[in-house]
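**Student:** Sharing a model that was predicted from the sequence below.
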Amino acid sequence: MTSKNTICLWYDGTALEAAQFYARTFPDSTVGAVHRAPSDFPAGKEGDVLVVEFTVMGIPCIGLNGGPALRHNEAFSFQVATDDQAETDRLWNAIVGNGGQESECGWCKDQWGVSWQITPRVLTDAMADPDRAAAKRAFDAMMQMKKIDVAAIEAARRG
């Protein structure tokens with residue numbers, strides 16, 4: 001059954017490769033149908049992979065091989081809530097170690113330019129702490145990080 005709302009991500013001929021990486025890396029992620037172009041198009045030839053259906057952590061997506069005209073940017077990101085440092089490390093290292101790029105405050109980009117926020121639940125909880133001083137300490141600690149350090153966030157929250 002086709003989802004009523006699906007995220008469409010634009011790739012330059014690498015949609016299938018990206019979808020396969022996401023399926024290997026993230027739980028509840030799969031590669032579905034691969035649709036090939038019925039004729040030549042500006043970014044490819046008849047028979048080339050045109051659209052790939054996939055899910056990322058249960059979210060329906062399609063990858064469109066639309067060519068080099070458009071690039072991903074931070075205006076769109078997947079935010080992944082992690083349960084502990086081990087899960088944070090595994091996902092961060094998978095993205096960055098597979099041709100990706102570190103950024104600030106728990107953000108990174110995969111090799112295709114898609115932005116990811118790898119966000120431990122500890123950080124989300126700390127930022128929502130009704131003790132605003134504790135929330136500020138956690139926020140200030142996060143602002144100094146690339147990959148989030150769960151123990152450092154917990155320590156900052158405690159003061």
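**Tutor:** Perfect, thanks for sending it. Given the structure is predicted, the values throughout are model-derived calculations rather than measurements.
**Student:** Select the longest helix from the chain.
**Tutor:** helix 85-97 (DSSP state H).
**Student:** what helices or strands is that helix leaning on?
**Tutor:** helix 15-25, strand 77-82, strand 107-109, strand 115-120, helix 150-158 (3 or more C-beta pairs under 8 Å, 6 or more residues apart in numbering; DSSP states H and E). Where C-beta positions appear, they are placed from N, C-alpha and C, glycine not excepted.
**Student:** now Val49: how far from Leu70?
**Tutor:** Distance, Val49 to Leu70, by C-beta to C-beta, to the nearest Å: 17 Å.
**Student:** And Leu91, by the same measure?
**Tutor:** 26 Å.
**Student:** nearest residue to Ala138 other than its sequence neighbours?
**Tutor:** Once flanking residues are discounted, Ala138 sits nearest to Ala126: 3.5 Å by C-beta to C-beta, 6 or more residues apart in numbering.
**Student:** List the buried residues of whichever strand or helix holds the one you found.
**Tutor:** Counting by DSSP states H and E, the element that carries Ala126 is helix 121-127. By 16 or more other C-beta atoms under 10 Å, the buried positions in helix 121-127 come out as 122-123, 126-127.
**Student:** rewinding a little: which of Leu91 and Leu70 has more neighbours?
**Tutor:** In this view Leu91 and Leu70 are compared by other C-beta atoms under 10 Å, and Leu91 has more residues nearby, 19 against 11.
**Student:** Okay, the residue of the chain most remote from its centre and Glu46: tell me how far apart.
**Tutor:** Computed with C-alpha atoms, centre = their mean, the residue of the chain farthest from its C-alpha average is Ser39, at 31.6 Å. Per C-beta to C-beta, Ser39 is found 5 Å from Glu46.
**Student:** So Glu74 is in contact with Trp107, correct?
**Tutor:** Yes - with contacts counted by C-beta atoms under 8 Å, Glu74 reaches Trp107, the gap being 7.2 Å.
**Student:** Residues that sit against both of the two, list them.
**Tutor:** Shared contacts of Glu74 and Trp107 (C-beta atoms under 8 Å, 6 or more residues apart in numbering): Ser115.
**Student:** Break this protein into its domains for me.
**Tutor:** Here the domain assignment for the chain is 7-65, 77-158, based on automatic domain parsing.
**Student:** and those as a markdown table, adding mean pLDDT?
**Tutor:** A markdown table is the format used below for these (pLDDT from 0 to 100):
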| stretch | mean pLDDT |
| --- | --- |
| domain 7-65 | 97 |
| domain 77-158 | 98 |
